[in-house]
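Asks: quick one, what's the 3D model for this:
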Amino acid sequence: MRINPIFLILCVFALISAVFLLSEVRGPFKGWATDVYHAANYEEPAPAPEPEEKLPEEPPPDEPVDEPPPETDPNDPPPMSELELLYNDEYTKAFATMTPPTLGEQYSIKLRNKMTVEGRLFEVATGRIKLQVKYGTMFIPVDNVHPTEYARLFPEQAAKLMAVKVVNEILKQRAAIASVPDDEPDGATEPIRRPPPATARAKYDPSSAATPEHLIKTVKMYGQWLEFQKRRVGVQFVDQIYAKEAGRNVELYMVMNEGYTVQDYDVRFSLADALWKSWSFRCQGAGLIRSMSNAHLILIDDKFKIVGGSSVHDGADVWVEK
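Replies: Numbering: from 1, shown residues only. As a prediction, the model looks like this:
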């Protein structure tokens, strides 16, 4: 019997297929066909894209570039307020109109105690003069001289009073405006603190006391100014400061040490005047006073004895112990 060759070829192909399938699912070569298929169709994964480097954006040419604020140098003086700059300007203009006293000239001087002294002007210094009188020389501090004589004998003090007057007038105008209530007050705005009514004070009370809470911030700011002066001159004159309030007056008590008390009269007077001025403007900036004269400075020693500062009747009227 003759076998059909096509049939034979189909049988061989079927046998090979059966072996192929059997070896794929069983035996030591299990899964070999699948691995070959995967290897034949393997594709190398595409590399991850590298992050693009972003260039810093440049602002448009018409927009200003924000610059960091300059660092504050602790040796730089604190900034002056608007009224302090005005005071300095008015003082300079007033002082330029003054004629200094003439040494050797005869003067008749009215004192605050209503007496009059006569003599030849022997010496002129900050806050004091010396007269040559019949039996020697007479030391006359500025606080003994009637203010009407300042223009002739103490041009610095006369210019100071003129500048204080200008600033006080502005403070008076601002106080009048602030006292008028708005038609539609803003409830979110903190009201300005009004100074209390004026009360008379016969004398200062230098005893140590805690600074009232509403004055603490101003006293701290003044203390920072003192630290700047200490760095500037290299000498510390003050050991302690504290504040009190008497009616419309805000009083700063300063315990001075030997660095101050051993100085000559001229130095102590100049320093007391500068200390009062700085205190006055800080009180004004905080809305604590209605007039520069309401800021009082009291200098005391370590035994709480008053050795200078403001007159009890006028904060701007400064004196120091002889």
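Asks: downstream of the biggest helix by length in the chain, the next helix or strand is which one?
Replies: Taking DSSP state H as the criterion, the chain has its longest helix at helix 155-178. Where DSSP states H and E defines the elements, the next helix or strand beyond helix 155-178 is helix 213-233.
Asks: what helices or strands is that next one leaning on?
Replies: strand 238-246, strand 249-256, helix 265-285 (3 or more C-beta pairs under 8 Å, 6 or more residues apart in numbering; DSSP states H and E). No exception for glycine: its C-beta is placed from N, CA and C like everyone else's.
Asks: nearest to residue 170, of those?
Replies: Proximity to residue 170 (C-beta to C-beta) singles out helix 265-285 among the helices and strands packed on helix 213-233, at 9.8 Å.
Asks: tell me the buried residues in the helix or strand following the closest one?
Replies: The helix or strand immediately downstream of helix 265-285 is strand 295-300, counting by DSSP H and E. Buried residues in strand 295-300, counted by 16 or more other C-beta atoms under 10 Å: 295, 296, 297, 298, 299, 300.
Asks: next, the angle helix 265-285 makes with strand 295-300.
Replies: Compare the direction of strand 295-300 with that of helix 265-285 by axes from the mean of the first three to the mean of the last three C-alpha atoms, to 10 degrees and you get 140 degrees.
Asks: pull the CA atoms of strand 295-300 into PDB?
Replies: Only the C-alpha atoms of strand 295-300 are listed here, as PDB (Å, rounded to 0.1, in the frame of the first residue of the first chain):
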ATOM      1  CA  ALA A 295       9.300 117.000  78.400                       C
ATOM      2  CA  HIS A 296      11.300 117.200  81.600                       C
ATOM      3  CA  LEU A 297      14.800 115.800  82.300                       C
ATOM      4  CA  ILE A 298      16.000 115.400  85.800                       C
ATOM      5  CA  LEU A 299      19.700 114.500  86.400                       C
ATOM      6  CA  ILE A 300      20.400 112.900  89.800                       C
END
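Asks: and the contacts of it?
Replies: Contact with strand 295-300 is made by 204, 206, 249-256, 260, 272, 275-276, 279-280, 283-284, 288-289, 306-310, 312, 315, 318, 320, as judged by C-beta atoms under 8 Å, 6 or more residues apart in numbering.
Asks: make it 7 Å
Replies: 204, 206, 249-256, 272, 275-276, 279-280, 283, 289, 306-310, 315 (C-beta atoms under 7 Å, 6 or more residues apart in numbering).
Asks: where does the prediction get shaky in this protein?
Replies: 1-5, 7-8, 10-78, 178-201 (pLDDT under 70).
Asks: right, and residue 117 touches residue 109 too?
Replies: Yes. Residue 117 lies in contact with residue 109 (C-beta atoms under 7 Å); the separation is 5.3 Å.
Asks: who has more neighbours, these two?
Replies: Neighbour count, other C-beta atoms under 10 Å: between residue 117 and residue 109, residue 109 has more, with 20 against 15.
Asks: buried residues, the host helix or strand of that one. List them.
Replies: Assigned by DSSP H and E, residue 109 belongs to strand 106-110. Neighbour counts over strand 106-110 (16+ other C-beta under 10 Å) mark 107, 109 as buried.
Asks: also stretch 271-281?
Replies: So, applying 16+ other C-beta under 10 Å, buried residues of stretch 271-281: 271, 272, 273, 275, 276, 277, 278, 279, 280, 281.
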